[in-house]
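**Student:** Here is my input; please provide its structure:
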Amino acid sequence: MLSILGTLLVGLVVGFIARAIKPGDDKLGWIMTALLGVAGSFLASYVGMAMGWYAQGDSAGWIASVLGAVVLLVVYGLVKGKSS
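**Tutor:** As a prediction, this is how the structure comes out:
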């Protein structure tokens with residue numbers, strides 16, 4: 001249980017950093033920001049394993065997690081822009 005809370009807390013921090021880096025107004029709440037950060041970390045880990053940067057079971061670092069979250073924010077903005 002503590003591991004899940006820690007993951008969500010780190011995801012929240014990563015999500016806030018990603019939202020601060022990416023220009024534009026992203027109207028996401030706290031929960032969506034945390035989920036964005038966690039998903040960005042998973043994306044960075046997956047891409048890192050596919051590229052041979054990380055071994056199986058390694059987690060992405062802070063910078064890679066933030067970059068993954070920024071990518072997801074850009075994709076979210078594109079999808080949201082087309083649906084509006």
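
**Student:** mind listing the strands in the chain by residue range?
**Tutor:** For the chain, no strands turn up when DSSP state E is the criterion.

**Student:** Counting by contacts, list what the helix or strand of the chain with the lowest mean pLDDT packs against.
**Tutor:** Least confident element among the helices and strands of the chain, by mean pLDDT, DSSP states H and E: helix 2-21 (a mean of 79). Counting contacts by 3 or more CB pairs under 8 Å, 6 or more residues apart in numbering; DSSP states H and E, helix 2-21 is packed against helix 30-51, helix 62-83. For the C-beta atoms, the positions are set from N, CA and C on the backbone; glycine is no exception.

**Student:** which residues are in contact with that helix?
**Tutor:** Outside of helix 2-21, the residues that reach it under the criterion CB atoms under 8 Å, 6 or more residues apart in numbering are 26, 28, 30, 32-41, 62, 65-66, 69-70, 72-73.
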